[in-house]
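A.B. asks: 3D model of this:
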Amino acid sequence: SKSVIKNMQWITGNNFTVERGRQQIEEYISTWDVHRSWLHWSEFLREEELKYSKRYHYRVRWSVPTRRKPIPRATASVYFIIEISKIKPATLPVEVLFTLESSRLIHRPEQCQFREKWLKDIIENKIILMERL
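C.D. replies: Residues are numbered from 1 along each chain as shown. Reported below is the predicted structural model:
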């Protein structure tokens, strides 16, 4: 069965603030189908000025702490970009993209169903690498 892509109404460019952007990312990831044992922390990283737009970069860091290991051995990061056009009307919704740590593939919330397996794979690969070193 094909899973339904959950999308949301993103803020318009003229109503955007850095904190509101972070809140909307939180709102969006709350629609992801991830086990409740996953915890995450979101933060604003930087603002980037481009010729035709402004980009706001955020990171959401994921981990699965346990009673035995409250400090996880590895975390997985998902990087978000909220882009506001300088050309299009400010009344249009912002553009949102995200990438996974160690991947160059760019995802768009309205075109992609997030998979918990992506986070697991990042963490497993980090642990394998740490054990080899």
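A.B. asks: tell me the contacts of L39?
C.D. replies: If you count contacts by CB atoms under 8 Å, 6 or more residues apart in numbering, L39 has them with W62, S63, V64, P65. Bear in mind the C-beta positions are built from the backbone N, C-alpha and C, glycine included.
A.B. asks: ok, of those, which come out buried?
C.D. replies: When burial is judged by neighbour count using 16 or more other CB atoms under 10 Å, the buried members of the contacts of L39 are W62, S63, V64.
A.B. asks: circling back to that earlier point, of the contacts of L39, closest to E124?
C.D. replies: Using CB to CB, V64 is the member of the contacts of L39 that sits closest to E124, with 11.3 Å.
A.B. asks: excluding chain neighbours, what is closest to the closest one?
C.D. replies: If you skip the residues right next to it in sequence, V64 has S37 as its closest partner in space, 5.1 Å away by CB to CB, 6 or more residues apart in numbering.
A.B. asks: the one you found: how many residues sit nearby?
C.D. replies: The burial metric for S37, expressed as a neighbour count using other CB atoms under 10 Å, is 9.
A.B. asks: could you report the distance from it to S30?
C.D. replies: 15 Å (CB to CB, to the nearest Å).
A.B. asks: which residues sit against the least confident helix or strand in the chain by mean pLDDT?
C.D. replies: For the chain, counting by mean pLDDT, DSSP states H and E, helix 116-132 ranks last in confidence among helices and strands (a mean of 94). Around helix 116-132, the neighbours that count as contacts under CB under 8 Å, 6+ apart are 32-35, 38, 62-64, 72-78, 100-102.
A.B. asks: pull out the buried residues from it.
C.D. replies: W118, L119, K120, I122, I123, K126.
A.B. asks: make a markdown table from the residues you listed and add distance to I82 to it.
C.D. replies: As requested, the buried residues of helix 116-132 are exported to a markdown table (distance: CB to CB, whole Å):
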| residue | distance to I82 |
| --- | --- |
| W118 | 20 |
| L119 | 21 |
| K120 | 26 |
| I122 | 22 |
| I123 | 26 |
| K126 | 27 |
